[in-house]
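Chemist: what's the 3D shape of this:
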Amino acid sequence: MIYRSKAPLRIGLAGGGTDVSPYSDLYGGAILNATLSLYAHATIEPLESNQIILEAIDREETETYEWAVQLPVTGKLDLLKGVYNRIQKDYGIKQGGFRLSTYVDAPAGSGLGTSSTLVVAIIGAFAEMLRLPLGEYDMAHYAFEIERKDLGLAGGKQDQYAATFGGVNFMEFYADDKVIVNPLRVKQQHLFELENNLLLYYTSTSRESAEIIKKQSQNVSDHKEKSIEAMHQLKEQAKMMKEALLKGRLNEFGEILDFGFQQKRKMAEGISNPLMEEIYEAAKKAGATGGKISGAGGGGFMIFYCPVNTKYNVSRALEQFGGRSRYFQFVEHGLKSWTV
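Modeler: Numbering: from 1, shown residues only. Sure thing, here's the model as predicted:
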């Protein structure tokens, strides 16, 4: 038997950063996001030997261990080890070798929630193998706990829930890690138009999101009014964009994105940089009406709203910066697991 799973990556459309503690604990956060036809994949293949082989195919990293109840967290393939260690602790995996292989359709640090989505996919493969009774909220919270608490990696909460639930969701975040996922019933033609008009651009740079998120969290802890007010405005942006999307007022999207771009830069140092500012201005000159930095910022993907057929002009205009446009479709499904 081979056990497989895949979970979709996401783009945050509005409210990004308000899912991060302590802001979400103190004030409540809100994010609008949507999942894409880009995935994190995981496969578990039982072996006749007693070895545990971990491999990230896209990163060309492999580690081999003799079977053990807990694997050492060393800074290499820690997401794979973290999931194994937690599931072993909570559910027990009988002694026996296996190969756990992963692959992600976008680079790490690209701002599409790759790390958290990969954790969800790995949990999905183990849940398929062990027939674990985990619902969607259970699965997402489990992934959050493994990444944020067990492994101590800084970050928010939206990615685990987006990867598990899939689709277009308005998410609310509160104290005590409470999350409410509100799936949106968006008319198909509105989604098609949004898909047509959004340009996903990879800057060909990645970043360590944890450092930016730590600064953002520290600004809230230090009661820095400029940063906190920016997060308040981003939470309002999520509500504005939800209404615009549900009512089909897509002509407002660029303006709402641009509003968010101005606010997000105030949250923490390092979210934007001179290259990203130059890319943003070039996109607007070519016809984009607004855009945003995906994820924590500092690099990775940027998103631009390009009305009518300006997406192609914008894409050409951004070629000078050495990045590349990435085409996608929205997907309604979240985590999927199966046995071969």
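
Chemist: hang on, isn't residue 129 packed against residue 44?
Modeler: Yes. Shown here, residue 129 and residue 44 form a contact pair, counting by Cβ atoms under 8 Å, at 5.5 Å. Quick note: C-beta positions are derived from backbone N, CA and C, even for glycine.

Chemist: any shared contact partners between those two?
Modeler: Both residue 129 and residue 44 are in contact with residue 3, where contact means Cβ atoms under 8 Å, 6 or more residues apart in numbering.

Chemist: Toward the C-terminus, what is the element adjacent to the worst-scoring helix or strand of the chain on mean pLDDT?
Modeler: In the chain, no helix or strand scores lower on mean pLDDT, DSSP states H and E than helix 209-221, which sits at a mean of 72. Where DSSP states H and E defines the elements, the next helix or strand beyond helix 209-221 is helix 225-246.

Chemist: Just list what the helix or strand just after that next one packs against, helices and strands only.
Modeler: As assigned by DSSP H and E, the chain's next helix or strand after helix 225-246 is helix 253-264. If you count contacts as 3 or more Cβ pairs under 8 Å, 6 or more residues apart in numbering; DSSP states H and E, helix 253-264 packs onto strand 3-14, helix 225-246, strand 290-293, strand 301-305.

Chemist: Now render the ones you listed as CSV, adding mean pLDDT, distance to residue 280 and mean neighbour count.
Modeler: Compiled in CSV, those are given as follows (pLDDT from 0 to 100; distance: least, Cβ to Cβ, whole Å; neighbours: other Cβ atoms under 10 Å):
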stretch, mean pLDDT, distance to residue 280, mean neighbour count
strand 3-14, 96, 16, 27
helix 225-246, 93, 17, 19
strand 290-293, 92, 6, 25
strand 301-305, 94, 7, 25
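
Chemist: What's the per-residue pLDDT of residue 299 here?
Modeler: Confidence at residue 299, expressed as pLDDT, is 69.

Chemist: Contacts only, for residue 63.
Modeler: 53, 54, 55, 76, 77.

Chemist: Can you show me the CA trace of the one helix or strand it maps to as CSV?
Modeler: According to DSSP H and E, residue 63 maps onto strand 61-66. C-alpha atoms of strand 61-66 as CSV (Å, rounded to 0.1, in the frame of the first residue of the first chain):
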residue,chain,number,x,y,z
GLU,A,61,17.2,16.7,0.8
THR,A,62,17.2,13.2,2.3
GLU,A,63,17.8,11.8,5.7
THR,A,64,17.7,8.2,6.9
TYR,A,65,17.2,6.9,10.4
GLU,A,66,16.8,3.5,12.1
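
Chemist: average pLDDT for it?
Modeler: The model assigns strand 61-66 a mean pLDDT of 97.

Chemist: So in that sheet, which strands flank that strand, and in what orientation?
Modeler: The pairing partners recorded for strand 61-66 under DSSP bridges are strand 51-56 (antiparallel).

Chemist: What lies in contact with the strand it pairs with?
Modeler: 47, 61-68, 71, 77, 80-81, 84, 97-103.

Chemist: Distance of residue 116 relative to residue 34?
Modeler: The gap separating residue 116 from residue 34 is 15 Å, by Cβ to Cβ, to the nearest Å.

Chemist: who's more crowded, the two?
Modeler: Legend: neighbour count by other Cβ atoms under 10 Å for residue 116 and residue 34, higher for residue 116 (31 against 25).

Chemist: Distance of that one relative to residue 179?
Modeler: Applying Cβ to Cβ to residue 116 and residue 179 gives a distance of 13 Å.

Chemist: Kindly report the same for residue 170.
Modeler: On the measure of Cβ to Cβ, residue 170 and residue 179 end up 12 Å apart.

Chemist: between the two, which one's more packed in?
Modeler: It is residue 170, of residue 170 and residue 179, that has more neighbours when counted by other Cβ under 10 Å, with 22 against 19.

Chemist: Which of the helices or strands spans that one?
Modeler: Element membership for residue 170, per DSSP H and E: strand 168-173.

Chemist: the inter-axis angle of the following helix or strand past that strand versus strand 168-173?
Modeler: The C-terminal neighbour of strand 168-173 among helices and strands, as given by DSSP H and E, is strand 179-183. Interaxial angle of strand 179-183 relative to strand 168-173 (axes from the mean of the first three to the mean of the last three Cα atoms, to 10 degrees): 160 degrees.

Chemist: Mind listing what's buried along the strand holding residue 63?
Modeler: With burial defined by 16 or more other Cβ atoms under 10 Å, the residues of strand 61-66 counted as buried are residue 63.

Chemist: Also stretch 243-260?
Modeler: Going by 16+ other Cβ under 10 Å, stretch 243-260 has these buried residues: 244, 245, 250, 252, 253, 254, 256, 257, 258, 259, 260.

Chemist: Scan the protein for its longest strand.
Modeler: As assigned by DSSP state E, the longest strand anywhere in the chain is strand 29-46.

Chemist: Go ahead and measure how far it is from the middle of the chain.
Modeler: Strand 29-46 sits 7 Å away from the centroid of its parent chain (Cα atoms, centre = their mean, to the nearest Å).

Chemist: list the helices and strands it packs on?
Modeler: With contacts taken as 3+ Cβ pairs under 8 Å, 6+ apart, strand 29-46 sits against strand 3-14, strand 98-104, helix 114-130, helix 158-165, strand 168-173, helix 225-246.

Chemist: Quick one: residues contacting residue 320.
Modeler: By Cβ under 8 Å, 6+ apart, the contact list for residue 320 reads residue 282.
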